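Novice: need coordinates for the below:
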Amino acid sequence: MIRTLATIAAMAALALPAMADDDDDDDDGFGLAGILSASNKEDLEPIQLGAGIPLTTAPWVLESGKYYEFEIQGDGSQELALVGPEFFRAIWIDEIVVEGLEIRPLGVDSIEFDEAGEMEIGFVAIKPGSYYLKIPGSTGETQRVEITIE
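Specialist: Next up, the predicted model:
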């Protein structure tokens with residue numbers, strides 16, 4: 001038994017330099033964090049949350065399995081919220097960052113700004129379909145972000 005352990009230890013010591021050299025090569029194509037790696041990340045246009053201004057300039061077209069980040073910038077002109085429960089259930093939220101505080105929720109239904117501020121949301125698009133984020137009670141097209149996950 002002691003001889004077997006000594007043999008295993010000697011073989012492991014011989015293999016360590018070779019394994020260390022392999023760690024320098026990131027040719028496996030997966031990156032350090034898989035789907036959360038920088039090569040799979042895209043920044044989306046920020047949402048502008050203010051009285052009477054368009055939320056975005058164009059619809060979002062997302063790819064299932066890709067990681068996205070976007071900011072919501074509230075100007076404080078009025079108390080405003082964004083709702084989109086179907087969208088929030090079609091994604092996996094990695095984190096919501098507010099003033100340096102990272103929140104990792106199990107789910108979100110809506111977000112509200114009572115005063116000026118900014119938040120960033122990082123997520124992975126999961127379920128293909130057509131979704132939206134909108135200011136509740138609004139009917140104007142500029143108060144709504146159309147989202148497609150392909």
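Novice: tell me the SS of the residue nearest to F88 when sequence neighbours are not counted?
Specialist: Sequence neighbours aside, V108 is the residue nearest to F88 in space, at 4.6 Å (criterion: CB to CB, 6 or more residues apart in numbering). Backbone N, C-alpha and C define where each C-beta goes, glycine included. Secondary structure state of V108, per DSSP: H, G, I helix; E, B strand; the rest coil, is coil.
Novice: was I right about V108 contacting W92?
Specialist: No. Assessed by CB atoms under 8 Å, V108 is found out of contact with W92, at 11.1 Å.
Novice: list the contacts of the residue nearest to F88.
Specialist: By CB atoms under 8 Å, 6 or more residues apart in numbering, the residues touching V108 are 88, 93, 96.
Novice: who wins for neighbours among those?
Specialist: With neighbours taken as other CB atoms under 10 Å, the top of the contacts of V108 is F88, carrying 21 neighbours.
Novice: just the CA atoms of stretch 104-113, as PDB, please.
Specialist: Included here for stretch 104-113 are C-alpha records, laid out as PDB according to Å, rounded to 0.1, in the frame of the first residue of the first chain:
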ATOM      1  CA  ARG A 104     -28.500  37.900  -7.800                       C
ATOM      2  CA  PRO A 105     -32.300  37.400  -7.900                       C
ATOM      3  CA  LEU A 106     -34.200  34.200  -8.500                       C
ATOM      4  CA  GLY A 107     -36.700  36.200 -10.600                       C
ATOM      5  CA  VAL A 108     -37.900  39.700 -11.400                       C
ATOM      6  CA  ASP A 109     -41.300  41.000 -12.500                       C
ATOM      7  CA  SER A 110     -40.700  44.700 -12.700                       C
ATOM      8  CA  ILE A 111     -38.200  47.400 -11.900                       C
ATOM      9  CA  GLU A 112     -39.000  50.900 -10.500                       C
ATOM     10  CA  PHE A 113     -37.100  54.200 -10.300                       C
END
